[in-house]
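**Q** Okay, structure incoming, though there's no sequence with it:
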């Protein structure tokens, strides 16, 4: 649903419960405010907030019966037709709560999916959102068809022997298969792109981090792009890859990806295969952190946990401490240590980009060098490949028939070249001669 279309704000009651068993776990002090931001971002009007404590969830209603009845009274009092929980509910819990409240009930995953649907812009992004929505909906169909559990008879109503519920589940499964087929086709094209990238020895650097930390602002600065920047959750949902415009980084590509959030189910992210593919094929991750956020340590930990769940935590990371101009620590320039993989920047004000460039070069092993080499004339294929990759700046030929090439290459690639027979460094050409 395009965000440009305006609809009346939906009156909503929001619920968050703190359970006794969660006290020992590390949690954000500002989880509830983050939840409210998500609710408001979805287009809801919060009319009542219900915060409470409980020993553990109940199997039938998730919350205690007494609390559920108090929420029912609140819903009726303010005339709400939606109740949103900052928790994941089972399908039966949702159905039971809806029956009691006489209002629609949405859990945390459903809320995030709704925001995803508003943000998706590209064809692939919309397909990924629809896939996630259908997968989430398939187990919750019964609540809408409780009056059609048995197929009605009569003229024009005789069915093929299956209930309406079974029919809808079958149709949803068919749609899921069709979407997966389309996404697989898109994935194959991305595989071709990744193969070409690998063949041309281009490094992919993916930007990851908590939602709304400034990843897209940094991406635009590094690539000269003009992706949408907005101060709201999940402003970026579609994965975008562009070539860098920073001098001295060679053929590095940057990929902007969807932001993470605490308690985000990994099976939800699994629906976003295009985003996952970009992350899994990355040579380097830039973990962007908003240092001006009082909760930055908690959010940094949450991102690391999600990267572990996605099995990509082994990829080398650089911590990019963003919005350093908003911190009271004025010695942030001395805090940057490219060798240790920590850089303080302000993407909005173009601060610290040289240090970030150095860190990327060091940790991606993509230090760009200009070097003369001698190559035997018989290695014509190697010479042609260097030309096709744009590595050759100048060519000369010696009296003995050796070819002299002035190359601009990464350190790793240069070492690989020099390991071949018939290629060696040429130090006979001095800067004065050039």
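**A** Sure thing, it's come through. This structure is a prediction, so every number in the text was calculated from the model and none was measured.

**Q** Following the chain past the strand or helix carrying residue 209, name the next helix or strand.
**A** For residue 209, the element it lies in under DSSP states H and E is strand 204-209. Next helix or strand after strand 204-209 toward the C-terminus (DSSP H and E): helix 215-223.

**Q** between that following helix and strand 204-209, how big is the angle?
**A** Interaxial angle, helix 215-223 versus strand 204-209 (axes from the mean of the first three to the mean of the last three C-alpha atoms, to 10 degrees): 150 degrees.

**Q** helices and strands around helix 215-223, which ones?
**A** Counting contacts by 3 or more C-beta pairs under 8 Å, 6 or more residues apart in numbering; DSSP states H and E, helix 215-223 is packed against strand 204-209, strand 240-243, strand 253-256, strand 284-290. Glycine gets a C-beta too; all of them are placed from N, C-alpha and C.

**Q** could you redo the last one with a cut-off of 7 Å?
**A** strand 204-209, strand 253-256 (3 or more C-beta pairs under 7 Å, 6 or more residues apart in numbering; DSSP states H and E).

**Q** Which one, of these, ends up nearest to residue 171?
**A** strand 253-256 (35.0 Å; C-beta to C-beta).

**Q** Just give me how far that closest one sits from the chain centre.
**A** Distance of strand 253-256 from its chain centroid, counting by C-alpha atoms, centre = their mean, to the nearest Å, is 12 Å.

**Q** ok, which stretches of this protein are strands?
**A** Using DSSP state E, the strands found in the chain span residues 10-19, 44-54, 82-85, 104-106, 204-209, 240-243, 253-256, 284-290, 317-322, 342-344, 368-375, 392-397, 403-410, 423-425.

**Q** what's the offset of the last one from the middle of its chain?
**A** Shown here is strand 423-425, whose average C-alpha point lies 43 Å from the average C-alpha point of the whole chain (C-alpha atoms, centre = their mean).

**Q** Tell me how far the residue nearest the centre of the chain lies from residue 215.
**A** Centroid check for the chain by C-alpha atoms, centre = their mean gives residue 258 as the closest residue, at 2.6 Å. Between residue 258 and residue 215 the computed distance is 9 Å (C-beta to C-beta, to the nearest Å).

**Q** ok, the closest residue to residue 205 other than its chain neighbours - how many residues close by?
**A** Leaving aside its chain neighbours, residue 205 sits nearest to residue 284 (4.7 Å; criterion: C-beta to C-beta, 6 or more residues apart in numbering). Neighbour count of residue 284, defined by other C-beta atoms under 10 Å: 21.

**Q** and the protein, what are its domains?
**A** 10-106, 201-363, 368-425 (automatic domain parsing).

**Q** Of these, flag the one that's most buried.
**A** Mean neighbour count (mean count of other C-beta atoms under 10 Å) peaks for domain 201-363 among the domains of the chain, with a mean of 19.

**Q** re earlier: export the helices and strands packed on helix 215-223 to CSV and tack on mean pLDDT?
**A** Below are the helices and strands packed on helix 215-223 laid out as CSV (pLDDT from 0 to 100):
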stretch, mean pLDDT
strand 204-209, 90
strand 253-256, 88
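
**Q** May I ask which helix or strand of this protein has the lowest mean pLDDT?
**A** helix 266-270 (a mean of 62; mean pLDDT, DSSP states H and E).

**Q** Just give the number of residues close to residue 107.
**A** Per other C-beta under 10 Å, the neighbour tally for residue 107 reads 24.

**Q** Leaving out chain neighbours, which residue sits closest to it?
**A** residue 89 (4.1 Å).

**Q** quick one: the one you found from residue 66, how far?
**A** From residue 89 to residue 66 the distance is 18 Å (C-beta to C-beta).

**Q** returning to what we had before: please name whichever of the helices and strands packed on helix 215-223 is nearest to residue 388.
**A** Among the helices and strands packed on helix 215-223, strand 253-256 sits nearest to residue 388 (C-beta to C-beta), with 17.6 Å.

**Q** strand partners of the closest one, parallel vs antiparallel please.
**A** When pairing is defined by DSSP bridges, strand 253-256 lines up against strand 204-209 (parallel), strand 240-243 (antiparallel).

**Q** Residue 119 is nearest to which of the ones you listed?
**A** Once these are compared by C-beta to C-beta, strand 240-243 is nearest, at 13.2 Å.
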